[in-house]
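S.K.: coordinates only, sequence not included:
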């Protein structure tokens, strides 16, 4: 009896060991299959990335826009290098607190009535100018610092009316533009992709709610909304980026991405995933959103363009609490009376204005080039 029990225990032990070994083998095979699946996905992703990059690089306007973006990216990094290496002194080249200690001066003769504006200055203006001693009389010669000063070897783009370096402000403004544009684009893509995919997949009341909200946001001028919000609240740069992202994400971008999601929804693999028991969340996350993402990245470029233009407008109106930006550079020139001076003080107007135009145009051109990558019909023209 004892021998029979021992044999039974041995057989049970062997059976359990075999079952455990079989389970281990099965788990190892599953892990290997998962690893192989991810390896295949990675290979397909790299192949698709190389193919799309080749299509993008064939587009000349895309290469041109990408070159402009790269130039401004380098421009945004340069202040860190200049300050770290000691090439720039923060006391002189800081975009907000930096001042030129030895600006160029111009000699003027104090007169009661000006006959030559290039060499004479009105006595009344002398009395009101804090830079000139109060004991000056008509006929005396005074030296007035030239601020804003034209470009020279120390200040490549001159100085503004407060004596600050324009090139430093331009470089730091590029940082603000990139931060604003990228954050606004990410918020837009996340919201619009989710809203468009969910609306297309579920339809019904959910679709009706989000689409009517999108119609409402399209009808309301976005710039007017930003001006009102900026006038009521203390608006910082990241606040503006989030607001722009929300307005764009729930607005027209969501409608466009919903149309793309509707085309994905009727694909056979969506029905196959549903029949296989996939949940709604799994189908949306694993199948709908990945097929909508290429179009999402396309509209990300267009969102950056709008964000940069909105920031410049709000900064020019004084409704944005930022340390420095291209819009603030134009606002200072306007407040000091240099905006309508023509080309006489061009370094106060053209660097910031051209920077806003070029960077916004660059992202738009990259978006147009990406449009041909996303939409095969455009490549056939």
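M.R.: Noted; the coordinates are in hand. Quick caveat, the model's predicted, so the values are computed rather than measured.

S.K.: any weak-confidence spans in this protein?
M.R.: The chain contains residues with pLDDT under 70 at 1-38, 41, 128-131, 375-381.

S.K.: buried stuff in stretch 187-196?
M.R.: Residues of stretch 187-196 classed as buried: 187-189, 191-196 (neighbour count, 16 or more other C-beta atoms under 10 Å). Where you see a C-beta, it was placed from the backbone N, CA and C, and this is true even at glycine.

S.K.: show me those residues that map onto helices.
M.R.: Under the assignment DSSP state H, those contribute 187-189, 191-196 to helices.

S.K.: need the residues you listed in JSON lines (columns: distance to residue 108).
M.R.: Formatted as JSON lines, those follow (distance: C-beta to C-beta, whole Å):
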{"residue": "187", "distance to residue 108": "54"}
{"residue": "188", "distance to residue 108": "54"}
{"residue": "189", "distance to residue 108": "57"}
{"residue": "191", "distance to residue 108": "59"}
{"residue": "192", "distance to residue 108": "59"}
{"residue": "193", "distance to residue 108": "63"}
{"residue": "194", "distance to residue 108": "65"}
{"residue": "195", "distance to residue 108": "64"}
{"residue": "196", "distance to residue 108": "65"}
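
S.K.: quick one: which of those is nearest to residue 94?
M.R.: Closest approach to residue 94 among these (C-beta to C-beta): residue 187, at 30.4 Å.

S.K.: which stretch of helix or strand covers the residue nearest to that closest one when sequence neighbours are not counted?
M.R.: Spatial nearest neighbour of residue 187, chain neighbours left out: residue 245 (2.5 Å); criterion: C-beta to C-beta, 6 or more residues apart in numbering. Here residue 245 sits within helix 237-249, counting by DSSP states H and E.

S.K.: can you pull the contacts of the residue nearest to residue 187?
M.R.: Shown in contact with residue 245 (C-beta atoms under 8 Å, 6 or more residues apart in numbering): 183-188, 190-191, 303.

S.K.: if we use 7 Å, what do you get?
M.R.: Contacts of residue 245 were listed using C-beta atoms under 7 Å, 6 or more residues apart in numbering, and they are 184, 187-188, 191.

S.K.: which strand runs longest in the chain?
M.R.: Secondary structure of the chain per DSSP state E: the longest strand is strand 105-111.

S.K.: list the neighbouring strands of that one plus their orientation.
M.R.: Strand 105-111 pairs in its sheet with strand 120-122 (parallel), strand 141-145 (antiparallel), by DSSP bridges.

S.K.: those: which one's closest to residue 219?
M.R.: When the strands paired with strand 105-111 are ranked by proximity to residue 219 (C-beta to C-beta), strand 141-145 comes first, at 52.0 Å.

S.K.: quick check: chain neighbours aside, which residue is closest to residue 282?
M.R.: Closest residue to residue 282 apart from its sequence neighbours, by C-beta to C-beta, 6+ apart: residue 273 at 7.3 Å.

S.K.: and residue 114, how many residues sit next to it?
M.R.: When neighbours are defined as other C-beta atoms under 10 Å, residue 114 has 15 of them.

S.K.: go on, residue 364?
M.R.: The number of residues packed near residue 364 is 17, by other C-beta under 10 Å.

S.K.: before we move on, which element is it in?
M.R.: Counting by DSSP H and E, residue 364 is part of helix 350-374.

S.K.: can you pull the buried residues of that helix?
M.R.: For helix 350-374, the neighbour count (16+ other C-beta under 10 Å) marks 351-352, 355-356, 359-374 as buried.

S.K.: show me the contact partners of stretch 233-243.
M.R.: Residues outside stretch 233-243 that contact it (C-beta under 7 Å, 6+ apart): 176, 179-180, 183-184, 187, 226, 229, 307, 310-311, 314, 319-322.

S.K.: among the residues you listed, which are in strands?
M.R.: Counting by DSSP E, none of the members of the contacts of stretch 233-243 fall within strands.
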